[in-house]
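Peer 1: Fold the following and give me the result.
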Amino acid sequence: MMTLAEVESLAFELPEQKRATPASRILDTLPSPFAYSDAGIAEAERRDTEMDSYPSKGINLEQFDRLIAQRR
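Peer 2: Numbering: from 1, shown residues only. Predicted coordinates:
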């Protein structure tokens with residue numbers, strides 16, 4: 001049985017077009033990064049819902065830039 005290093009070495013010897021198909025097949029077997037519970041995504045969705053409910057809490061880009069400049 002071949003080791004992972006040997007399989008990788010042979011794969012990297014293939015031209016780009018020939019590597020794309022097996023690479024795609026391998027990637028298709030992995031779960032989507034969005035399938036995992038991600039606190040960052042949950043927080044973004046919470047904030048999006050909050051902004052829809054209370055648009056006055058938001059700031060525009062100019063206000064944001066001013067706040068950042070003040071912190072420097």
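
Peer 1: Residue 2 - nearest residue in space that isn't next to it in sequence?
Peer 2: Excluding the flanking residues, the one nearest residue 2 by CB to CB, 6 or more residues apart in numbering is residue 10, at 8.0 Å. Backbone N, C-alpha and C define where each C-beta goes, glycine included.

Peer 1: which residues does residue 44 contact?
Peer 2: By CB atoms under 8 Å, 6 or more residues apart in numbering, no residues touch residue 44.

Peer 1: Check what pLDDT it gets.
Peer 2: pLDDT recorded at residue 44 is 87.

Peer 1: For residue 56, see how far away it is.
Peer 2: For residue 44, the distance to residue 56 equals 20 Å [CB to CB, to the nearest Å].

Peer 1: Check the gap between residue 28 and residue 21 for me.
Peer 2: Using CB to CB, we find residue 28 at a distance of 11 Å from residue 21.

Peer 1: Those two - which one has more neighbours?
Peer 2: More neighbours surround residue 21 than the other of residue 28 and residue 21, with 10 against 7 (other CB atoms under 10 Å).

Peer 1: mind saving the C-alpha coords of the one helix or strand that one maps to as PDB?
Peer 2: In this assignment (DSSP states H and E), residue 21 forms part of helix 16-28. The C-alpha trace of helix 16-28 is given here as PDB (Å, rounded to 0.1, in the frame of the first residue of the first chain):
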ATOM      1  CA  GLU A  16      -2.700  20.800 -13.800                       C
ATOM      2  CA  GLN A  17      -5.600  19.600 -15.900                       C
ATOM      3  CA  LYS A  18      -5.100  16.000 -14.700                       C
ATOM      4  CA  ARG A  19      -4.900  17.000 -11.000                       C
ATOM      5  CA  ALA A  20      -8.100  19.000 -11.100                       C
ATOM      6  CA  THR A  21     -10.500  16.000 -11.400                       C
ATOM      7  CA  PRO A  22      -9.200  14.000  -8.500                       C
ATOM      8  CA  ALA A  23      -8.700  17.100  -6.400                       C
ATOM      9  CA  SER A  24     -12.400  18.100  -7.000                       C
ATOM     10  CA  ARG A  25     -13.500  14.600  -6.200                       C
ATOM     11  CA  ILE A  26     -11.600  14.600  -2.900                       C
ATOM     12  CA  LEU A  27     -13.000  18.100  -2.000                       C
ATOM     13  CA  ASP A  28     -16.500  16.900  -2.700                       C
END
